[in-house]
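Peer 1: fold the stuff below for me.
(one chain, ligands or ions: 1)
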Amino acid sequence: MEQIRMVDLQTQYKRLQADIDTAMQSVLQSTAFINGPAVKTFQQNLADYLHVKHVIPCANGTDALQIALMALRLKPGDEVITSTFTFIATVEVIALLQLKPVLVDVDPHTFTLIPAEVEKAITPKTKAIIPVHLFGQGADMNRISQIAKDHQLFIVEDSAQSIGANYICDGESSKLGTLGNVGCTSFFPSKNLGCFGDGGACFTNNDELAAQMRMIVNHGSQKKYYHKVIGVNSRLDTIQAAVLDVKLKHLDDFNKRRQRAADYYDAAFKNHNELTTPHRQEDSDHIFHQYTLKVANGKRDALQAHLKEAGIPSMVYYPVPLHQQEAFAEFASTDQSFSNAEQLSREVLSLPMHTELTEIQLTHITDTILSFFE
Ligand SMILES: *Cc1c(COP(=O)(O)O)cnc(C)c1O
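Peer 2: Numbers count the residues shown, from 1 in each chain. I've put the predicted structure just below:
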């Protein structure tokens, strides 16, 4: 049996090597390393795939979130509501822009924002909501979109973990990341659509926001050496765009392979009295960026140690909710409960999840887990 990895980029690369190597070689031959033709091609192909008007590539997913917020022209002190149970990047960029992150608790089944809590957190200073489509499943965009409409708030979707997933809104299916004002994603190697280094993108159907974001990624400039707004330097390398353009053609297949592995896990742990398998919503695909179990009765760490002994990796995403992070202590509201996120941080365990898991590996993983409870 091949070694079991949390994410198996090696085997995936070997499977696609001929096409990826050709694409990379062609960039090397051209030496157009910055803003080469592959960047435009990928940008257009991704826009077509997502059915969105504009894709603005950038250097990573964290930048994508920052660029989106900069384009909204918020003022220092404006409040942005987001989840306390997510990767740090989401809240980092809010604070860096001198905006105020307002953290709210998540649903214990979907791990995404609770719309009622979002509504409770709204003040006259609230300007935007950042729903995070955590682990590959959509936040409740139907209700969050309604709340944003009622209170005239922007929505910036953090789609770093949900690229390619469909969501049903108003009876119509759209890709996650294209429902709000701006969607942001990451092409970090382990993401569902990953490159061979860092990369990211913003998406929008709004022409004005698109123009603004295109300026911001390029030092606030449309015409070289003329700067209209304060921007940043955030580009997707041509080599990364070439890799991504090859991989984009496989994205639906990648996501299906992840779903098949998740189905296998689900079947093995069905009705287990100490394990809860990931909840699957009706209005959203789950593309399993992570397959995350909840382990009851305080047994999570012991189960993880048991897996480690058998040579099976697993991870805790995330061990500390953001309101308990030292760096964000000043934003942790004391009159609010984060009990769901706190409990999740003690119970969640993410299993190996990628496009190359074999049935032999999956059987070994599930047998090892089940044997722990015997
Ligand atoms: C990965 C990730 C990001 C940041 O992406 P980078 O490309 O690593 O900067 C942001 N939000 C979430 C939820 C992520 O998983």
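
Peer 1: every contact and neighbour count from this point should use C-alpha atoms.
Peer 2: Will do.

Peer 1: how many residues are close by the residue of the stretch 101-250 of the chain at minimum distance from the ligand?
Peer 2: For the stretch 101-250 of the chain and the ligand, the shortest gap (CA to the nearest ligand atom) falls at residue 186, measuring 4.2 Å. By other CA atoms under 10 Å, 31 other residues sit near residue 186.

Peer 1: so how far is residue 317 from it?
Peer 2: For residue 186, the distance to residue 317 (CA to CA, to the nearest Å) stands at 17 Å.

Peer 1: quick one: contacts for residue 199?
Peer 2: By CA atoms under 8 Å, 6 or more residues apart in numbering, residue 199 lies in contact with 57-61, 186-188, 235-237, 240.

Peer 1: please apply the same query to residue 255.
Peer 2: Residues near residue 255 by CA under 8 Å, 6+ apart: 164, 192, 287-288, 355.

Peer 1: rewinding a little: may I see the ChimeraX selection of the buried members of the contacts of residue 199?
Peer 2: The ChimeraX selection below is limited to those of the contacts of residue 199 classed as buried (16 or more other CA atoms under 10 Å):
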select :57,58,59,60,61,186,187,188,235,236,237,240
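
Peer 1: want to throw the contacts of residue 199 into a markdown table with pLDDT?
Peer 2: Listed next are the contacts of residue 199 as a markdown table, based on pLDDT from 0 to 100:
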| residue | pLDDT |
| --- | --- |
| 57 | 98 |
| 58 | 98 |
| 59 | 98 |
| 60 | 98 |
| 61 | 98 |
| 186 | 98 |
| 187 | 98 |
| 188 | 98 |
| 235 | 97 |
| 236 | 98 |
| 237 | 98 |
| 240 | 98 |
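
Peer 1: can you put the contacts of residue 199 in TSV and add distance to residue 176 and secondary structure?
Peer 2: As requested, those are exported to TSV (distance: CA to CA, whole Å; DSSP: H, G, I helix; E, B strand; the rest coil):
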residue	distance to residue 176	secondary structure
57	17	strand
58	19	strand
59	21	coil
60	18	coil
61	15	helix
186	13	strand
187	15	coil
188	18	coil
235	23	coil
236	21	coil
237	24	coil
240	23	helix
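
Peer 1: quick one: which of the contacts of residue 199 is nearest to residue 37?
Peer 2: Distance to residue 37, by CA to CA, is smallest for residue 237 among the contacts of residue 199, at 10.8 Å.

Peer 1: what is the burial count for the residue lying closest to that closest one once chain neighbours are set aside?
Peer 2: Distances taken as CA to CA, 6 or more residues apart in numbering put residue 34 closest to residue 237, at 5.7 Å, once the chain neighbours are dropped. Counted by other CA under 10 Å, the residues lying close to residue 34 total 14.

Peer 1: residue 34 against residue 233, yeah?
Peer 2: No. In this structure, residue 34 is not within contact of residue 233 by CA atoms under 8 Å, at 11.8 Å.

Peer 1: what's the longest helix belonging to the chain packed up against?
Peer 2: Longest helix in the chain, counting residues (DSSP state H): helix 9-30. Helix 9-30 is packed against helix 238-248, with contacts defined by 3 or more CA pairs under 8 Å, 6 or more residues apart in numbering; DSSP states H and E.

Peer 1: show me what counts as buried in the helix it packs on.
Peer 2: Across helix 238-248, burial judged by 16+ other CA under 10 Å covers 238-248.

Peer 1: with distance to residue 322 as extra columns, can I get these in JSON lines?
Peer 2: Shown next, in JSON lines, are the buried residues of helix 238-248 (distance: CA to CA, whole Å):
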{"residue": "238", "distance to residue 322": "34"}
{"residue": "239", "distance to residue 322": "34"}
{"residue": "240", "distance to residue 322": "31"}
{"residue": "241", "distance to residue 322": "32"}
{"residue": "242", "distance to residue 322": "35"}
{"residue": "243", "distance to residue 322": "33"}
{"residue": "244", "distance to residue 322": "31"}
{"residue": "245", "distance to residue 322": "34"}
{"residue": "246", "distance to residue 322": "35"}
{"residue": "247", "distance to residue 322": "32"}
{"residue": "248", "distance to residue 322": "32"}
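
Peer 1: return the residues of the stretch 101-250 of the chain in contact with the ligand.
Peer 2: 158, 160-161, 186-188, 198-200 (CA under 6 Å from any ligand atom).

Peer 1: residue 101: which element?
Peer 2: Element membership for residue 101 (DSSP states H and E) is strand 100-104.

Peer 1: outline the domain layout of this protein.
Peer 2: 9-105+112-248, 251-372 (automatic domain parsing).

Peer 1: most packed of those?
Peer 2: Per-stretch averages of neighbours, counted by mean count of other CA atoms under 10 Å, single out domain 9-105+112-248 among the domains of the chain, with a mean of 20.

Peer 1: next up, the contacts around the closest residue to residue 175 other than its chain neighbours.
Peer 2: Spatial nearest neighbour of residue 175, chain neighbours left out: residue 166 (4.4 Å); criterion: CA to CA, 6+ apart. Shown in contact with residue 166 (CA under 8 Å, 6+ apart): 173-176, 284-285.

Peer 1: picking up where we left off before, run the chain-centre distance for the helix or strand following the strand holding residue 101.
Peer 2: The C-terminal neighbour of strand 100-104 among helices and strands, as given by DSSP H and E, is helix 115-121. Here helix 115-121 shows a centroid-to-chain-centroid distance of 22 Å under the convention CA atoms, centre = their mean, to the nearest Å.
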